[in-house]
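J.: Sharing a sequence plus its predicted fold:
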Amino acid sequence: MTKIVELKELTKKFPGGKIAVDNLSLTVEKGDIIGFLGPNGAGKSTTINMMMDLIGITSGTITLFGESARHKSNRIRSKIGMIPQEIAIYEDLTAFENVAFFGGLYGLRGKMLKAASLRALRYVALEKNAKEKAENFSGGMKRRLNIACALVHEPELIIMDEPTVGIDPQSRNFILGVIETLNKKGITIIYSTHYMEEVERISNKIAIIDHGKLIACGSEAELINLVTNTQNFSIEVLYPEKVELQKLRALNGVQQVQLEGQILHIIANAEKNPLDDVLKILIAAEVAVKAVDQDKINLETVFLMLTGRKLRDAK
Ligand SMILES: Nc1ncnc2c1ncn2[C@@H]1O[C@H](COP(=O)(O)OP(=O)(O)OP(=O)(O)O)[C@@H](O)[C@H]1O
């Protein structure tokens with residue numbers, strides 16, 4: 001087991017007092033695809049930015065490839081490829097020129113640089129567009145070019161900060177495929193997202209982050225195991241404004257209740273099924289129950305159980 005990244009009690013307090021990352025500790029091992037899963041504002045970017053030395057840390061330590069990130073040497077930098085949240089490419093350069101520019105920053109020259117640039121473009125299926133200017137690319141192609149720029153120096157660790165936000169489903173699917181291919185070659189990936197389906201598809205390890213804290217970390221199966229003695233219901237109601245949330249939350253066996261539009265999400269104990277009592281309260285309040293479904297336990301359930309909030313609209 002080779003540790004590629006080790007964060008210990010990492011904390012970031014911004015001037016003004018906001019604690020964006022709060023005592024966060026985790027380890028990334030060689031060959032991992034670790035998903036940083038958390039809603040907007042959870043602290044994922046701040047964690048990544050500290051790892052990349054783009055912002056200072058308040059306390060704690062970061063170890064990259066066995067060395068302290070505080071004195072990050074060029075040797076360590078050359079092992080990391082970073083794909084930031086905002087696409088960072090030069091619009092007026094061609095795809096090839098963009099990739100070659102970044103390759104040049106890592107000391108590649110001449111034939112080596114050309115071969116590495118074409119190889120990186122091939123990875124993201126932009127080889128045929130090598131001579132086209134980036135300004136003519138679609139959002140998805142720009143994102144793929146951005147990824148090629150981060151791959152040109154053949155890093156051992158790739159850090160991606162929400163690389164699929166705002167791009168079409170086809171490009172998203174393609175990017176996830178690229179990540180899987182890179183990982184098969186032994187490259188370690190840190191992937192930040194608020195899309196549960198993405199980490200479910202590609203990650204072998206998931207770090208659930210909320211309000212700057214690491215809530216849980218493990219494989220999908222390990223995380224789901226945390227909530228195995230629970231069951232998950234969705235109840236569709238016609239008059240959600242009449243739902244008495246406090247009464248439902250007070251029921252014996254009910255662990256979490258969330259109302260999302262007309263859907264009431266309930267997490268309950270597996271042994272003490274409170275569904276009958278829930279329905280009695282709803283019927284007495286005349287909410288008009290339209291449908292009741294038992295849902296699969298998934299990462300959304302884990303997030304709701306551990307934080308009391310839904311992943312996609314947590315604030
Ligand atoms: N420079 C800053 N000064 C003050 N607060 C900040 C700064 N940068 C980020 N924050 C705050 O820190 C918290 C964590 O932000 P961060 O960008 O790390 O979250 P995130 O999980 O990456 O979400 P997003 O997807 O929205 O970027 C947020 O509340 C954010 O508003």
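T.: Looks like it came in fine.

J.: So which bits of stretch 65-85 are buried?
T.: The neighbour-count check on stretch 65-85 (16 or more other CB atoms under 10 Å) flags 65, 69, 72, 76-77, 79-84 as buried. For the C-beta atoms, the positions are set from N, CA and C on the backbone; glycine is no exception.

J.: Compile those residues into a markdown table and extend it with columns for distance to the ligand and pLDDT.
T.: Shown next, in a markdown table, are these (distance: CB to the nearest ligand atom, whole Å; pLDDT from 0 to 100):
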| residue | distance to the ligand | pLDDT |
| --- | --- | --- |
| F65 | 23 | 93 |
| A69 | 17 | 77 |
| K72 | 20 | 66 |
| I76 | 22 | 85 |
| R77 | 22 | 84 |
| K79 | 23 | 93 |
| I80 | 18 | 94 |
| G81 | 19 | 94 |
| M82 | 14 | 92 |
| I83 | 14 | 92 |
| P84 | 11 | 89 |
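
J.: Can you flag which of those residues belong to strands?
T.: Using DSSP state E, the subset of the buried residues of stretch 65-85 located in strands is 80-83.

J.: okay, the residues you listed in CSV with distance to Q294 next?
T.: Formatted as CSV, these follow (distance: CB to CB, whole Å):
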residue, distance to Q294
I80, 44
G81, 43
M82, 42
I83, 39
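
J.: now, among those residues, which is nearest to L37?
T.: When these are compared for distance to L37 (CB to CB), I83 comes out closest, at 17.1 Å.

J.: residues touching that closest one, list them.
T.: I83 sits next to 146-147, 150, 158-161, 163 when contact means CB atoms under 8 Å, 6 or more residues apart in numbering.

J.: ok, V165 touching E86?
T.: No - using CB atoms under 8 Å, V165 is not in contact with E86; the gap is 9.9 Å.

J.: who's more crowded, those two?
T.: Using other CB atoms under 10 Å as the criterion, V165 and E86 rank with V165 on top: 15 against 8.

J.: For the nearest residue to I19 once chain neighbours are set aside, give me the pLDDT.
T.: Distances taken as CB to CB, 6 or more residues apart in numbering put K13 closest to I19, at 5.0 Å, once the chain neighbours are dropped. pLDDT for K13: 97.

J.: Which other helices and strands does the top helix by length along the chain contact?
T.: If you go by DSSP state H, the chain has its longest helix at helix 169-184. Judged by 3 or more CB pairs under 8 Å, 6 or more residues apart in numbering; DSSP states H and E, helix 169-184 is in contact with strand 33-37, helix 110-123, helix 139-151, strand 157-161, strand 188-193, helix 196-202.

J.: Deepest in the core, which of the ones you listed is it.
T.: strand 33-37 (a mean of 27; mean count of other CB atoms under 10 Å).

J.: Could you tell me the angle between that strand and strand 188-193?
T.: Counting by axes from the mean of the first three to the mean of the last three CA atoms, to 10 degrees, strand 33-37 lies at 20 degrees to strand 188-193.

J.: Identify all contacting residues around strand 33-37.
T.: Taking contacts as CB under 8 Å, 6+ apart, the residues outside strand 33-37 that touch it are 26, 28, 44, 47-48, 179-180, 183, 188-194, 196, 198-199, 202-209, 299, 303, 311.

J.: so where's the stretch 51-200 of the chain shaky on pLDDT?
T.: Applying pLDDT under 70 to the stretch 51-200 of the chain picks out residues 71-72.
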